[in-house]
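Enquirer: Dropping the sequence and predicted coords here.
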Amino acid sequence: MMQEDVLRVDLAAAFRLAVRFGWHESVANHFSAAVSPDGKKFLLNPRWRHFSLVKASDLLLLDADDPNTLDRPESPDPSAWCIHGAIHAAIPEAKVLLHLHPPYATALAGLADPTILPIDQNTARFYDRVAYDLNFGGMGDVAEEGQRIAQVMQGKQVMMMGNHGVMVAAETVAYAFEEMYYLEIACRTMVLALSTGQPLSVISDKIARKTLLGWEKFLPVGQYHFTQLKELLDRDDPSYRD
């Protein structure tokens with residue numbers, strides 16, 4: 001596991017960068033990162049803190065097995081606790097979770113069929129890799145809804161949450177952020193293509209799978225991208241590190 005202090009800095013950077021990309025929504029949405037091998041101890045953003053103000057030291061350290069978490073004065077947002085706590089407890093390999101309602105992904109999630117079809121190389125990145133949750137049960141602030149969402153996400157790193165938003169999971173903050181970056185681009189491509197009203201040119205399964213395998217060669221790019229994005233933050237406002 002990555003050292004907690006390093007993980008705090010990376011997660012705080014992800015919040016600040018989400019603002020730069022226009023993915024944030026008021027003081028809502030949540031990022032988390034496991035600090036224990038079983039995933040049950042994890043960092044989470046404090047309740048109702050704007051992403052642009054989150055600092056490394058602000059992040060809450062929580063335990064998914066602690067039944068008294070929501071009773072404390074510094075308790076997290078109930079929906080964040082129910083969803084992130086449930087996924088970290090059920091899927092230890094989901095080390096980092098980013099949950100957002102970005103414009104294009106959320107628009108696509110509001111369609112009767114939110115499938116990301118392989119119509120270019122960016123959409124093909126998600127070929128056969130996405131869980132689709134089409135049973136939205138409300139705000140997700142009760143344990144049962146969190147457990148249901150965790151069950152849907154089993155075996156996948158990306159989830160389109162129908163009538164809600166998106167969730168990505170990865171081993172590191174850098175890779176989770178890169179996944180979200182390309183997910184929003186893929187959803188933008190889908191929304192723009194659908195808006196033309198013309199038939200979609202869907203890549204064959206064979207070529208889509210070949211393209212997906214091609215993406216695997218570029219996975220290290222995510223770390224390079226995230227490192228340079230942090231350099232931009234350091235240049236303009238390094239307070240996320242505090």
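Expert: That came through fine. Residues are numbered from 1 along each chain as shown.

Enquirer: for this protein, longest helix please?
Expert: Taking DSSP state H as the criterion, the chain has its longest helix at helix 173-195.

Enquirer: Can you point out the buried residues in the helix or strand that that helix is followed by?
Expert: Downstream of helix 173-195, the next assigned helix or strand under DSSP states H and E is helix 205-216. Going by neighbour count (16 or more other C-beta atoms under 10 Å), the buried part of helix 205-216 is 208, 211-212, 215. In this view, the C-beta of every residue, glycine as well, is placed from N, C-alpha and C.

Enquirer: Quick one: those as a markdown table, columns for distance to residue 93 and pLDDT too.
Expert: Formatted as a markdown table, the buried residues of helix 205-216 follow (distance: C-beta to C-beta, whole Å; pLDDT from 0 to 100):
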| residue | distance to residue 93 | pLDDT |
| --- | --- | --- |
| 208 | 25 | 97 |
| 211 | 25 | 97 |
| 212 | 19 | 96 |
| 215 | 19 | 94 |
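
Enquirer: Widest-spaced pair of these?
Expert: 208 and 215 (10.9 Å; C-beta to C-beta).

Enquirer: what number of residues lie near the residue lying closest to residue 171 once chain neighbours are set aside?
Expert: Leaving aside its chain neighbours, residue 171 sits nearest to residue 95 (5.3 Å; criterion: C-beta to C-beta, 6 or more residues apart in numbering). By the criterion of other C-beta atoms under 10 Å, residue 95 has 24 neighbours.

Enquirer: ok, now which ones touch residue 95?
Expert: 1, 33-34, 39, 169-172 (C-beta atoms under 8 Å, 6 or more residues apart in numbering).

Enquirer: one step back: dump the buried residues of helix 205-216 to JSON lines, plus distance to residue 75.
Expert: What follows is the buried residues of helix 205-216, written out as JSON lines (distance: C-beta to C-beta, whole Å):
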{"residue": "208", "distance to residue 75": "44"}
{"residue": "211", "distance to residue 75": "44"}
{"residue": "212", "distance to residue 75": "40"}
{"residue": "215", "distance to residue 75": "39"}
